[in-house]
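Asks: no sequence on this one, just coordinates:
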């Protein structure tokens, strides 16, 4: 019954700034981004599409099945779905980077008594350390939602200097029916008008 | 909380130490690198796992879309245990090499009160009977993400002074037990979202150039 197609658009843009003359730039003068893999219970093979910008500084991922649900009509394991992006960021030697900010948008239909959660976890390939941010929503709600993840400078996890490690961004949606067990509640990572729903900004530092 | 350290007792064959090194030697690659050869198992059937290897072949990420073990009214009797085996080609430079392999597992667990789950991995080199087991246990009530890290000493990963490629197997499994919870009424499950592996070469000595293979 919930054949809603979630056209979630995910766009990643890099922050570029021109280096000052005769000064060490605070940001690299080029950066390119490639989505290597997209996979998870919310985006199994064949349900996500990646569109890269021509200059490889941005991309968009659209999902057709990224929906978590609870309550009537849902299976017992449907309340949590995830989608993990593996991203290769190429930049000059001497720099490293970390995620400073991420914006998410989607749609939530939560009954009175139900709650929903969006969580983003960020880590570099092969590193145990990571950071995550959680945003909670509560019913009654049947509207778009938006969330922004911000990390303070001291919290930013940077890629290891001198090594090229892919960035993993694992997003998840969780829905708890709470007291609304007789109705359905769901949450998508979604943008019906295909506008940008997720935007990442990077923080740079010199190695 | 999530660290398990064990030493891999792996056979090391001859270390050749010529005085001063052979003339005209070509330096071998100084680091251990890895390639993911195959991924398969009841929890990662073809088309459900994705692999991303770092450009220097020292780290990789595997993500899963269906790696879930569960018990409950809608679960089949065999759903309580799922596995996924990674077969990795480990490229070992010639000479004596010492490395540490680290593996991070991340996922989500929803366990009812009384239910338990485990994540277990065994590590072994192709053709060697010796196996290391690392296990992490979880207990309900729990409904959150989990993360586990295994560190494996791959001391003397060298089997041959002239370097050799050996396949390394990591067989991961997820299991759920209903325990004292009632699986006819409530569902408990554990998923794996990702497996990250990396090998750090902590030191490497090479004193001899081996003849090119025919």
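Replies: Here it is on my side, so go on. Everything numeric here is computed off the predicted structure, so don't read it as measured data.
Asks: Strands of the chain, residue ranges please.
Replies: Just going to use chain A. Remark: strands assigned in chain A by DSSP state E are A:10-13, A:32-39, A:48-52, A:58-63, A:67-71, A:80-90, A:95-110, A:115-124, A:130-138, A:141-150, A:167-176, A:184-188, A:199-206.
Asks: Let me rephrase: I mean chain B.
Replies: B:3-7, B:33-40, B:49-53, B:59-64, B:68-71, B:81-92, B:96-111, B:116-125, B:132-139, B:142-154, B:164-177, B:188-205.
Asks: Reformat the ones you listed as CSV; add distance to residue A:70 and mean pLDDT.
Replies: C-betas here are computed from N, CA, C, even on glycine. Below are the strands of chain B laid out as CSV (distance: least, Cβ to Cβ, whole Å; pLDDT from 0 to 100):
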stretch, distance to residue A:70, mean pLDDT
strand B:3-7, 34, 29
strand B:33-40, 31, 88
strand B:49-53, 27, 93
strand B:59-64, 22, 94
strand B:68-71, 16, 98
strand B:81-92, 23, 88
strand B:96-111, 11, 85
strand B:116-125, 20, 90
strand B:132-139, 21, 93
strand B:142-154, 12, 89
strand B:164-177, 19, 86
strand B:188-205, 14, 84
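Asks: tell me the most buried of the ones you listed?
Replies: With neighbours defined as mean count of other Cβ atoms under 10 Å in any protein chain shown, the strands of chain B peak in mean count at strand B:59-64, which reaches a mean of 27.
Asks: same for that one, what does it pack against?
Replies: In terms of contacts (3 or more Cβ pairs under 8 Å, 6 or more residues apart in numbering or on different chains; DSSP states H and E), strand B:59-64 is packed against strand A:32-39, strand A:80-90, strand B:33-40, strand B:49-53, strand B:188-205.
Asks: Make TSV out of the ones you listed and add distance to residue A:133.
Replies: Converted to TSV, those look like this (distance: least, Cβ to Cβ, whole Å):
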stretch	distance to residue A:133
strand A:32-39	20
strand A:80-90	15
strand B:33-40	30
strand B:49-53	23
strand B:188-205	16
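Asks: Residue A:107 is in contact with residue A:188, isn't it?
Replies: Yes: assessed by Cβ atoms under 8 Å, residue A:107 is found in contact with residue A:188 at 5.0 Å.
Asks: Looking at these two, which is more packed in?
Replies: Per other Cβ atoms under 10 Å in any protein chain shown, whichever of residue A:107 and residue A:188 has more neighbours is residue A:188, with 28 against 21.
Asks: lowest average confidence, helix or strand, in chain A?
Replies: strand A:10-13 (a mean of 31; mean pLDDT, DSSP states H and E).
Asks: Could you check how far residue A:109 is from residue A:187?
Replies: Separation of residue A:109 from residue A:187 (Cβ to Cβ, to the nearest Å) stands at 8 Å.
Asks: Among the two, which residue is more densely surrounded?
Replies: For the pair residue A:109 and residue A:187, the greater number of neighbours falls to residue A:187 (29 against 21), based on other Cβ under 10 Å.
Asks: confidence score at the more buried one?
Replies: pLDDT for residue A:187: 95.
Asks: is it true that it touches residue A:68?
Replies: Yes: in this structure, residue A:187 is within contact of residue A:68 by Cβ under 8 Å, at 5.3 Å.
Asks: joint contacts of these two?
Replies: By Cβ atoms under 8 Å, 6 or more residues apart in numbering or on different chains, residue A:187 and residue A:68 have these common neighbours: A:116, A:173, A:174, A:175.
Asks: tell me the contacts of the closest residue to residue B:74 other than its chain neighbours?
Replies: Sequence neighbours aside, residue A:76 is the residue nearest to residue B:74 in space, at 5.8 Å (criterion: Cβ to Cβ, 6 or more residues apart in numbering or on different chains). Contact analysis of residue A:76 by Cβ under 8 Å, 6+ apart lists B:70, B:72, B:73, B:74, B:186, B:187, B:189.
Asks: same deal with residue A:126?
Replies: So, once contact is read as Cβ under 8 Å, 6+ apart, residue A:126 ends up touching A:165, B:54, B:58, B:59, B:60, B:61, B:102, B:104, B:196, B:197, B:198.
Asks: mind running it again at 6 Å?
Replies: Contact partners of residue A:126, counting by Cβ atoms under 6 Å, 6 or more residues apart in numbering or on different chains, are B:59, B:196, B:198.
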